[in-house]
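Peer 1: Give me a model of this one.
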Amino acid sequence: MSTFDESFAAIEHALADRYGLSQPGSMASASSFEAALEVVLGQYLAPVKTARAIEALRAEGLLDPQALSDEDPIVLLDLLKGVGSAVQPRVAGALLKLANWMAARLGDTEDPLRDVDFLSTEALRTELAGLKGIGQTTADAIALHAGDRSVYPVDRPTYRILIRHGWLDSSADYEEARSVMQRPALDNTPERLKTLSDWFAQLGHDYCKASVPKCDRCPLRPFLPEGGPYDPSEF
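Peer 2: Residues are numbered from 1 along each chain as shown. Now for the predicted structure:
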């Protein structure tokens with residue numbers, strides 16, 4: 001069985017053929033703070049409701065770290081509930097933690113996460129992951145999509161895809177999984193990692209589901225082990 005590295009060119013071709021190259025979305029033109037909020041909200045809300053939440057925050061003048069950090073948590077929670085979802089208090093809490101950190105740590109810059117030059121990528125990842133309600137995957141997604149840093153956010157679909165194809169052992173931790181997706185031999189530009197992350201997320205949604213995978217129609221079926229997919233039951 002070929003390794004992920006050995007098969008990567010063919011994997012990339014198969015995914016591009018199925019999904020096409022990613023087109024710049026709203027996060028490409030948004031401020032880094034707005035993009036970071038989209039990432040956090042996207043962990044809890046469907047894309048349509050995430051967009052509604054962002055517009056609600058914009059209407060209230062809250063797409064600014066200091067303005068959002070000064071907002072009353074209850075008022076913010078009511079605002080988010082207004083987009084039509086049963087939003088939990090932890091969502092508002094995560095947004096406020098992020099806003100507080102950005103206002104205090106990054107200062108008053110026009111595009112804080114992209115303009116900052118005193119935090120290395122590793123330092124940025126560590127500080128973001130340390131915020132309550134953020135976590136490592138969300139931190140890396142913020143670093144990639146909002147900060148344009150070359151880091152792959154390993155989510156559950158990525159774990160499932162890697163394990164089912166035998167590219168990652170089921171006992172592997174987060175950093176081991178990230179090292180597979182960010183091989184030194186690959187061209188790990190932010191743009192390429194964003195595309196790869198989008199492809200794997202879509203593949204997980206369409207085919208590599210947690211319950212019953214649809215391997216027969218999956219574009220990565222040719223890369224499965226000879227005996228069929230491995231069991232990623234814990235993911």
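Peer 1: and the residue nearest the centre of the chain, what element?
Peer 2: In the chain, the centroid-proximal residue (C-alpha atoms, centre = their mean) is A141; its distance is 3.5 Å. Assessed by DSSP states H and E, A141 sits inside helix 135-145.
Peer 1: packing partners for the helix or strand following that helix?
Peer 2: For helix 135-145, the following helix or strand on the C-terminal side (DSSP H and E) is helix 156-164. Here helix 156-164 touches helix 174-181, helix 190-206, going by 3 or more C-beta pairs under 8 Å, 6 or more residues apart in numbering; DSSP states H and E. All C-beta atoms are positioned from the backbone trio N, CA, C, and that covers glycine.
Peer 1: one more time with 10 Å
Peer 2: Helix 156-164 sits against helix 135-145, helix 174-181, helix 190-206, with contacts defined as 3 or more C-beta pairs under 10 Å, 6 or more residues apart in numbering; DSSP states H and E.
Peer 1: out of the ones you listed, nearest to L21?
Peer 2: Across the helices and strands packed on helix 156-164, L21 has its closest neighbour in helix 190-206 (6.4 Å, C-beta to C-beta).
Peer 1: Please tell me how far the closest one is from the chain's geometric centre.
Peer 2: The chain centre lies 9 Å from the centre of helix 190-206; the measure is C-alpha atoms, centre = their mean, to the nearest Å.
Peer 1: Name the residues of that helix that are buried.
Peer 2: Going by neighbour count (16 or more other C-beta atoms under 10 Å), the buried part of helix 190-206 is 193-204.
Peer 1: can you check stretch 75-93 too?
Peer 2: Buried residues in stretch 75-93, defined by neighbour count with 16+ other C-beta under 10 Å: 76-77, 79-80, 83, 85, 87, 91-93.
Peer 1: Out of these, which sit inside strands?
Peer 2: Among the buried residues of stretch 75-93, no member falls in strands (criterion: DSSP state E).
Peer 1: Of those, which belong to helices?
Peer 2: Using DSSP state H, the subset of those located in helices is 76-77, 79-80, 91-93.
Peer 1: Mind checking what helix or strand follows the helix or strand of the chain with the lowest mean pLDDT in sequence?
Peer 2: Across the helices and strands of the chain, mean confidence by mean pLDDT, DSSP states H and E is lowest for helix 26-29: a mean of 53. The helix or strand immediately downstream of helix 26-29 is helix 32-42, counting by DSSP H and E.
Peer 1: What is the nearest of the buried residues of helix 190-206 to D111?
Peer 2: When the buried residues of helix 190-206 are compared for distance to D111 (C-beta to C-beta), K194 wins out at 17.3 Å.
Peer 1: hang on, the closest one packs against H145?
Peer 2: Yes. Counting by C-beta atoms under 10 Å, K194 touches H145, with 6.6 Å between them.
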